[in-house]
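*Asks:* This is a predicted model, with the sequence first.
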Protein chains: 2
Amino acid sequence: MKLEKLVGDRFKERPADCAIDSHALMIRGGYIKYVASGIYSSYPVLRRITRKIEHIIREEMDAVDGQEVLFPMALPASLWQESGRYDAVGSAMARFRDRNDNMMLLGPTHEEAAVHLVREYGQSYTKYPFMIYQINTKFRDEPRSRGGLIRVREFSMKDAYSFHISQKDLKEYFMRCHRAYERIYSRVGLPQVFSVDSDSGMMGGSMSKEFMLLTPIGEDSIVTCKSCDYRANMEAAESIVINEKTETEKPLNKVHTPNMKTIEDVCVFLNMPIEKSCKAVVYQKNATDEYVVVFIRGDLDINEIKLENYLHEEIHPADITEESEMSAGFIGPCKLNGVNVLLFDKSLSGIENLCCGANETDYHYTGFSIERDIGHVVYHDFAKAVEGGVCPHCKNPSLSISRGVEVGHIFQLDTRYTKSMKMSYLDENGNSHYPLMCCYGIGIGRLAASVCEIHHDENGPIWPFSIAPWHVHLCCIRADDAQTKEFSDKLYEQLQAKNIEVLYDDRIVSAGVMLADADLLGVPLRVIASPRNMKDNCCEIVSRDKSVNLKVKTDEVIAAITELLMKAK
Amino acid sequence: MKLEKLVGDRFKERPADCAIDSHALMIRGGYIKYVASGIYSSYPVLRRITRKIEHIIREEMDAVDGQEVLFPMALPASLWQESGRYDAVGSAMARFRDRNDNMMLLGPTHEEAAVHLVREYGQSYTKYPFMIYQINTKFRDEPRSRGGLIRVREFSMKDAYSFHISQKDLKEYFMRCHRAYERIYSRVGLPQVFSVDSDSGMMGGSMSKEFMLLTPIGEDSIVTCKSCDYRANMEAAESIVINEKTETEKPLNKVHTPNMKTIEDVCVFLNMPIEKSCKAVVYQKNATDEYVVVFIRGDLDINEIKLENYLHEEIHPADITEESEMSAGFIGPCKLNGVNVLLFDKSLSGIENLCCGANETDYHYTGFSIERDIGHVVYHDFAKAVEGGVCPHCKNPSLSISRGVEVGHIFQLDTRYTKSMKMSYLDENGNSHYPLMCCYGIGIGRLAASVCEIHHDENGPIWPFSIAPWHVHLCCIRADDAQTKEFSDKLYEQLQAKNIEVLYDDRIVSAGVMLADADLLGVPLRVIASPRNMKDNCCEIVSRDKSVNLKVKTDEVIAAITELLMKAK
């Protein structure tokens, strides 16, 4: 098509409110338009890209025997009440009442709808395994939408659901889909995406894998091991702390620590290493505001998802009131009153002579040893893994923490939904069972933004051939020059006749404007015709990633383009 | 693919709650699953069909220079407050509050979103004309969802929006899109669809055309003329009544009509033709419950849409209370107290010696002549057109009323949205104007159901080749027979190798079950291999519409299929 007809504006200036490059470039290049927090419209350029991504995803889903279906976006609450998630999922789900006052919701995910669709179909073991998928709009009322398409509230998603009658089949198929996901990332230009062990969150089930793209703009923390192939996200990474007994126990001793409210201050004041401190972190349950106090070694931090998963409740950082009987800043495990939920992180196991709060303003204890001073406690893993921490697999102190974007998430749900929603099948002996289930999600817009984040320079995206909006960008510099225009017009026709996806810029604008626009549109191959080139009977072929820069005779240009496109495929 | 892996069940029995054939066949054939009133999931067979429809629509929209975009389904109320529709559209729009208590809605249509997307882009006259479209989910909280996919609440829709700077360009492009629509209907197998003048309803604008498929299951009434090419839907069809003056005026006379509460009863009792009666029809405004009384000739009915358009308000049939001062059943134009909105249909113009209610229980007047007895009144068109009525175009009494399904609706919106949402452009002289706008809608699921409604027999749908889920249905009757199975397997492979879309049924089931399933799936060409055929070195090729019924030598079957498919394309 002709660039002058392309709907969408392009800008030179980086918008002030864009923290990340893909967001800025998608605004500057006329890819997206902000409608409301986390809600965007797509301009034609982006829609061309997302349609190509959808096509790749469909091919890979079909290749693993997926069958495309379509679920409703608006679902009756009753379906989610069956699974028990209607009340469990909080404000991330949009709800409304229809004209007959029925409770409805916008499906943030579609496990319930999937089970509902195949509940009758899957009544015999002969029907298994099978997989269904859709590409459709989802709405999740995220509290922190950010970064353009990286985290939004409304998005297009491919979600797939597979059903099995044995764990062996489930695990084999899960790995087959895992490989299909790897092919998808590779095909869209992100072969570096890898999977990590992950927390399953509101989905439930036995295990899940997140597909991660390492990038500084990521909001997820990913734990990898430099010595082995261990990979997990922060929520799923076990924190291993080895405390070696090196000292003899000293007596418990109350010391005056005036105005020392952080564990760091106290340790400096008492001249103790922070690894010898017992820090209190206080939360409240969202539902009841009941206090939850977690003790952890002073140098470590709590992972709140691990804590929520342990509690099976949502929590928030505590507001410690005067009625609470707690002395904020001086909370310790000895004689702590008014708190029912007291938890200990594993990092405090096997350690003696700690300093800790004395539950009295301006006082701490030293010489605190848990078992001796308060008796036997059960330790759990609530700590965030740390750089240089011990790997749960190889046990070497070689963990590394990186930032990443989650670009896919697949779950082994087992009977989480089939059991609650009473989907069952009869085996060959007539016995009834609940089928096993997996689900597999991938967000289309976030994937496009992630590709942009990895493949761009300061002037615009550098789209991989597989998802580029067009394959060739034809620039007619000086369209007011008759010879150049005539050559370009003819070339445009010839490329179209060869079914080559070509964007043709024959506007009468400066070369600078024309090339800046081409950079923002990121088409892989650029053909430049200009009066100067015409004099030499040539035109230029340049690739957006700068790996190709050719001067080609005008009568050889079609052949050269065709060859370059063949290579790119 | 193999039929035994196809997700979805097929049934022999017609479900009791299906009033129309396409609904029954789509349930029986495993096309759709009911989720909630007017909300369905699509099984893989239907999704294959709708994807083909989407492909045809995209081709035709691209052919008229459309550019595909994507609008959000969840929109901020503020966008609809800009256009003034947030309050004007009633309970048909689903609304919700997001986690930050912002008012949101599910877009039942996307004029506001379209203007929002291009408001900055369209600031110069040089950008015009342009057209953007999307294919996306819509939710309309219809009070009367019915008939499977014919009228639903959630559906996938192609909606397009064009922008123009002159009425001439708008009208030319509108006709170009009109022709694109005709091609779409023709390509999906409904060449008989035609357009009618229509009421624009909540969309506003200057005129609209509905595309109608005539079928007894339709819920729309379509007015056509047997003498000319006049076509309109009931809401848009002008009712023309010619009252010829034949009598001299008689005096007004109050007569006792005990318990005669309908105009039919009164006319029989008084031995008068019903065309000589003045009937009162009473409504109330939805917003205020204020009464609206419309007088109309006794043989005609009110079209409520016409009345609402006149009032610019929604109405409902009245509940006439005792406080109203009206005598229900005896309401007439003379000395009617307590009613502010009194309207007269054109059918009462130029007629004398009417009978009408006397506003007194058990009494009517005869000899009523409007101008003489109550003075000058203004007449409006509120009446439904009738079979044999006068055509507004050719003036012959040759109107015909048919039932139809609306399968598309296109609107000339003019500046209805650009003006209210302050979208403007500068012309070549630097003067500011509001661009003109059209919109074009077509529901994907309703179109699929309409094709099924027209193309089916008692055993199942007969899908046109262009949107058929597969092109060839290969039936291996007696898959337990080695020779038949071997032949069929090989044919399946060969057809796949030729990129022919083939559904292969090699289940060990009876021929009856196999052929009944094939009928329900409606694939255009059927190839039947059976031990009996194998003996003759033959197989059968039968078309679903029964126009083809061949016995073909086994080594000629691929060639025969290829030829038939070529013809079908």
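*Replies:* Right, received. Where do you want to start? Numbers count the residues shown, from 1 in each chain, chains lettered A, B, ... in the order given.
*Asks:* which residues of the stretch 451-569 of chain A fall in helices?
*Replies:* Applying DSSP state H, counting those that start in this stretch to the stretch 451-569 of chain A gives helices spanning A:482-497, A:511-521, A:531-535, A:557-568.
*Asks:* Would you map the helices across the stretch 151-300 of chain A?
*Replies:* Along the stretch 151-300 of chain A, the segments classed as helices by DSSP H, counting those that start in this stretch run A:167-188, A:263-270.
*Asks:* Just tell me which of the ones you listed ends up closest to chain B.
*Replies:* helix A:167-188 (13.6 Å; Cβ to the nearest Cβ). C-betas here are computed from N, CA, C, even on glycine.
*Asks:* quick one: contacts of the closest one?
*Replies:* By Cβ atoms under 8 Å, 6 or more residues apart in numbering or on different chains, the surrounding residues in contact with helix A:167-188 are A:53, A:56-57, A:60-61, A:63-64, A:128-129, A:131, A:160, A:162, A:164, A:191, A:193, A:195, A:209, A:211, A:213, A:407-408, A:410, A:412, A:414, A:436, A:438, A:440, A:442, A:447, A:451, A:464, A:466-467.
*Asks:* Single out the most deeply packed of the helices of the stretch 451-569 of chain A.
*Replies:* Per-stretch averages of neighbours, counted by mean count of other Cβ atoms under 10 Å in any protein chain shown, single out helix A:511-521 among the helices of the stretch 451-569 of chain A, with a mean of 19.
*Asks:* what is the rounded mean pLDDT of that one?
*Replies:* Summarised as a single mean, pLDDT over helix A:511-521 is 97.
*Asks:* before we move on, what about stretch A:143-151?
*Replies:* In this model, stretch A:143-151 has a mean pLDDT of 86.
*Asks:* Same question for stretch A:540-552.
*Replies:* 96.
*Asks:* same deal with stretch A:98-118?
*Replies:* 95.
*Asks:* repeat for stretch A:228-241
*Replies:* Mean pLDDT, stretch A:228-241: 90.
*Asks:* hang on, the earlier thing: list just the one of the helices of the stretch 451-569 of chain A that sits closest to chain B.
*Replies:* Chain B sits nearest to helix A:482-497 of all the helices of the stretch 451-569 of chain A, at 13.0 Å, using Cβ to the nearest Cβ.
*Asks:* by how many degrees do that closest one and helix A:557-568 diverge?
*Replies:* Here helix A:482-497 runs at 40 degrees with respect to helix A:557-568, directions being taken by axes from the mean of the first three to the mean of the last three Cα atoms, to 10 degrees.
*Asks:* List the contacts of helix A:482-497.
*Replies:* By Cβ under 8 Å, 6+ apart, helix A:482-497 touches A:472, A:474, A:476-479, A:502, A:504, A:506, A:527, A:529-531, A:533-534, A:539, A:554, A:557-558, A:561.
*Asks:* hey, C-alpha coordinates of that helix in PDB?
*Replies:* The C-alpha coordinates for helix A:482-497 follow below in PDB (Å, rounded to 0.1, in the frame of the first residue of the first chain):
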ATOM      1  CA  ALA A 482       9.800  12.400 -13.300                       C
ATOM      2  CA  GLN A 483      12.400   9.700 -13.900                       C
ATOM      3  CA  THR A 484      12.600   8.700 -10.300                       C
ATOM      4  CA  LYS A 485       8.800   8.600  -9.900                       C
ATOM      5  CA  GLU A 486       8.300   6.600 -13.100                       C
ATOM      6  CA  PHE A 487      10.900   4.100 -12.000                       C
ATOM      7  CA  SER A 488       9.500   3.800  -8.500                       C
ATOM      8  CA  ASP A 489       5.900   3.500  -9.700                       C
ATOM      9  CA  LYS A 490       6.800   0.700 -12.000                       C
ATOM     10  CA  LEU A 491       8.900  -1.100  -9.400                       C
ATOM     11  CA  TYR A 492       5.900  -0.800  -7.000                       C
ATOM     12  CA  GLU A 493       3.700  -2.500  -9.500                       C
ATOM     13  CA  GLN A 494       6.200  -5.200 -10.300                       C
ATOM     14  CA  LEU A 495       6.700  -6.000  -6.600                       C
ATOM     15  CA  GLN A 496       2.900  -6.200  -6.000                       C
ATOM     16  CA  ALA A 497       2.600  -8.400  -9.100                       C
END
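*Asks:* roughly how far is it from the heart of the chain?
*Replies:* Relative to the chain's own centre, helix A:482-497 is displaced by 44 Å; criterion: Cα atoms, centre = their mean, to the nearest Å.
*Asks:* In chain A, where's the longest strand?
*Replies:* Longest strand in chain A, counting residues (DSSP state E): strand A:399-414.
*Asks:* so what's the residue of the stretch 451-569 of chain A found nearest chain B up against?
*Replies:* Using Cβ to the nearest Cβ, the closest approach of the stretch 451-569 of chain A to chain B is made by residue A:507 at 9.7 Å. Contacts here follow Cβ under 8 Å, 6+ apart; on that basis residue A:507 touches A:3-4, A:479, A:514.
*Asks:* on that earlier part again, list only those of the contacts of helix A:167-188 flagged as buried.
*Replies:* Among the contacts of helix A:167-188, the ones that count as buried by 16 or more other Cβ atoms under 10 Å in any protein chain shown are A:53, A:56-57, A:60-61, A:64, A:128-129, A:131, A:160, A:162, A:164, A:193, A:195, A:209, A:211, A:213, A:407-408, A:410, A:412, A:414, A:436, A:438, A:440, A:442, A:447, A:451, A:464, A:466-467.
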